[in-house]
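Visitor: need a 3D model of the following:
(one chain, ligands or ions: 2)
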Amino acid sequence: MYHHIKKLMFTVRVGQPEPRFGNMLLEQFGGANGELAAAMQYSIQGINCEDMPCKDLLMDIGTEELSHLEIVGTLARMHLKPMKTDADAAECDPLVAIAGGGGVTLCNSMGDAWTADYLKVTGELDVDLRSNIAAEARAKIVYERLINFCDDPGTKEALQFLMTREITHMRAFMQALDSLGKAPLSIGLIPPTPGIVDQYYNDSTGEGDGGEVDTTGPWNTGIEVVEAPALAEFQVLKATPTTAQTTLDRNGKKPARSDSKAHSAKRRR
Ligand code: MN
Ligand code: MN
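Guide: Ligands and ions are numbered 1, 2, ... in the order given. Alright, predicted model coming up:
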């Protein structure tokens, strides 16, 4: 059950209202990586969760995000308020000024309505936790940009608090994911196809005018590299584990079986 207490989690003080900055703040109110999206994503995942420790975590953080929503909304409202009376301020965000009377609605900074499409809820705990780790990283970077575009010390203070909490949440979700004891690439129950899973397709080749080059990194070393598969008319013929086949062997031999280490892919030198 929810209960509201007439206190903000962080005391918001705004010196000089900045209507244009108030508009930017709406991104964290009704935007894709905003507080309502976070609150709903974790709470709905929590409702679905059958792992009691993680359910508790999801409900704790989902509820904290609602308190963040209240802080951001209050902050945005303070910055948008001049739009009620000041024509110059109203021009910063006509939608908020004319349709919303200088208050907040569940829209992002461009006036797009909040949508449940922002939420990532898969019903698979480890997959959801990964989505949440990524969501916290996005929220963090949006707060950082807001801080960089803000001059008001009181507003910066509140944003610093909110930004800090996202890192705390990110760590908690990472620890929860760790606690499940799953191997990093173990998603769901059906194993990936041997052979095919260890192929790297070098699909972008050549040198670009902007200095773009073909590079090597951990992702394409110690693994089978298929050079320019489209140009080599490479195709996967079968992907089921025991019959996996590709056209890798182009020299008249039978197509290679992916799970019998029969590949003859050209490796870059
Ligand atoms: Mn938050
Ligand atoms: Mn968070």
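Visitor: which helix or strand contains the closest residue to residue 46 other than its chain neighbours?
Guide: Closest residue to residue 46 apart from its sequence neighbours, by CB to CB, 6 or more residues apart in numbering: residue 58 at 3.4 Å. Bear in mind the C-beta positions are built from the backbone N, C-alpha and C, glycine included. Here residue 58, judged by DSSP states H and E, is contained in helix 52-80.
Visitor: is that helix positioned near ligand 1?
Guide: Yes: judged by CB under 5 Å from the ion, helix 52-80 and ligand 1 are in contact via 65, 68.
Visitor: give me the low-pLDDT residue ranges for the protein?
Guide: Scanning the chain for pLDDT under 70 picks out 249-269.
Visitor: and the residue of it found nearest ligand 1, how many neighbours?
Guide: When scored by CB to the ion, the chain has residue 68 as its residue closest to ligand 1, at 3.6 Å. When neighbours are counted by other CB atoms under 10 Å, residue 68 registers 28.
Visitor: domain assignment for the protein?
Guide: According to automatic domain parsing, the chain comprises the domains 19-179, 190-206+214-269.
Visitor: pull out the buried positions in the helix holding residue 58.
Guide: 54-55, 57-59, 61-62, 64-80 (16 or more other CB atoms under 10 Å).
Visitor: got it, and stretch 191-205?
Guide: 193, 195, 196, 199, 200, 202.
Visitor: and if you look at stretch 96-113?
Guide: For stretch 96-113, using 16+ other CB under 10 Å, the buried residues are 96, 97, 100, 102, 104, 105, 106, 107, 108, 109, 111.
Visitor: same deal with stretch 209-226?
Guide: Counting neighbours by 16+ other CB under 10 Å, one finds that the buried residues in stretch 209-226 are 220, 224, 225, 226.
Visitor: can you get me a residue count around the nearest residue to the residue of the chain closest to ligand 1 once chain neighbours are set aside?
Guide: Spatial nearest neighbour of residue 68, excluding adjacent residues (CB to CB, 6+ apart): residue 35 at 4.3 Å. Residue 35: 24 surrounding residues under other CB under 10 Å.
Visitor: tell me which stretches of this protein form strands.
Guide: Under the criterion DSSP state E, the chain carries strands at the ranges 199-202, 224-227, 236-238, 245-246.
Visitor: contact residues of the stretch 101-250 of the chain facing ligand 2?
Guide: Residues of the stretch 101-250 of the chain lying near ligand 2 by CB under 5 Å from the ion: 166, 169.
Visitor: list the contacts for residue 238?
Guide: For residue 238, the contact set (CB atoms under 8 Å, 6 or more residues apart in numbering) comprises 244, 245.
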